[in-house]
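S.K.: Could you look at this predicted model? Sequence included:
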Amino acid sequence: MFEYKGLKISWLGHDSFRIQNSQIIYIDPFEIKTGVKADLIFITHEHFDHCSPKDLKKIINPETIIVASNLCKSELSGLKVKEIKYVKPGDEFEVKGVKVKAIPAYNINKFRQPGVPFHPKENQGLGYLLDIGGVTIYHTGDSDFIPEMEGLKPDIALIPVSGTYVMTADEAIQAVSKIMPKIAIPMHYGAIVGSKKDAERFSQKASCEVHILEKEE
């Protein structure tokens, strides 16, 4: 766990995080154990390792609000929560006291076949820039280094480093030089692709403070 100005950030593996202050916030819960019930859950896109109804059922209650990409509608139908808010890149709003800006997330050089990205821009996958009690956290979602990241200047950036479906460690190094966070926490390794070596490579050359978190249950 990493604590910053009273905000506790736990990495739950892959792209999944739990953020705690007076509320419990999850991002992309995947292959988690039953945990503290969520006030808010953010889902970046529809892929099984990000939008997992099985995992969501472990942490939701009737008061939970889920914020998700429009592509998640079929997977999330039937969940018994207070509200599911579907959003698209560029949307800005406030939910449960958290200020949210939905940032595009897409591939520019990672392809499942020639000319077909794993995460096409037109699919409107998301990253999230969250202002939680005055602390800003940017979760990039599954993305390459894209122009929309430039100058966001969050306190903390949660950034993928494994390559294949997302940016490599070297691309993440480039990205943080433009995102300009105070602190970066590497993610998207150890579950589907990538290893801690990717996080360590990123840490060695990134232009900001880096914290490599140990996976929590």
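M.R.: Nice, I can see it. Numbers count the residues shown, from 1 in each chain.
S.K.: Enumerate every residue touching Val67.
M.R.: Leu40, Ile41, Phe42, Ile43, Ile84, Lys85, Val87, Val95, Val100, Tyr128 (CB atoms under 8 Å, 6 or more residues apart in numbering). All C-beta atoms are positioned from the backbone trio N, CA, C, and that covers glycine.
S.K.: Generate a ChimeraX selection restricted to the buried subset of those residues.
M.R.: The following ChimeraX line selects those of the contacts of Val67 that are buried, judged by 16 or more other CB atoms under 10 Å:
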select :40,41,42,43,84,87,95,100,128
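S.K.: Strands - which of the contacts of Val67 land there?
M.R.: If you go by DSSP state E, these have Leu40, Ile41, Phe42, Ile43, Ile84, Lys85, Val87, Val95, Val100, Tyr128 in strands.
S.K.: Now the two most distant members of the residues you listed.
M.R.: Farthest pair in the ones in strands among the contacts of Val67 (CB to CB) is Ile84 and Tyr128. Separation: 15.2 Å.
S.K.: The most centrally placed residue in the chain and Lys197: what is the separation?
M.R.: Most central in the chain under CA atoms, centre = their mean is His139, positioned 3.8 Å from the mean C-alpha point. Per CB to CB, to the nearest Å, His139 is found 22 Å from Lys197.
S.K.: same check, this time on Gly134
M.R.: Gly134 is 35 Å from Lys197, where distance means CB to CB.
S.K.: Same question for Asn109.
M.R.: 21 Å.
S.K.: likewise Val210?
M.R.: Applying CB to CB to Val210 and Lys197 gives a distance of 14 Å.
S.K.: which residues does the residue nearest to the centre of the chain contact?
M.R.: Applying CB under 8 Å, 6+ apart, the residues near His139 are Asp15, Phe17, Ile27, Asp28, Phe42, Thr44, Gly127, Tyr128, Leu130, Leu158.
S.K.: Spatially, what comes nearest to it if we skip its sequence neighbours?
M.R.: Distances taken as CB to CB, 6 or more residues apart in numbering put Leu158 closest to His139, at 4.5 Å, once the chain neighbours are dropped.
S.K.: What are the contacting residues of the helix or strand hosting that neighbour?
M.R.: Assigned by DSSP states H and E, Leu158 belongs to strand 156-160. Applying CB under 8 Å, 6+ apart, the set of residues contacting strand 156-160 from outside is 4, 9, 15, 17, 27, 135-140, 142-143, 166-167, 172, 175-176, 179, 181-189, 202, 208.
S.K.: Whichever of those residues end up buried, select them in PyMOL.
M.R.: PyMOL command restricting the contacts of strand 156-160 to the buried ones, with burial defined by 16+ other CB under 10 Å:
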select buried, resi 9+15+17+27+135+136+137+138+139+140+142+143+166+167+172+175+176+179+181+183+184+185+186+187+188+189+202
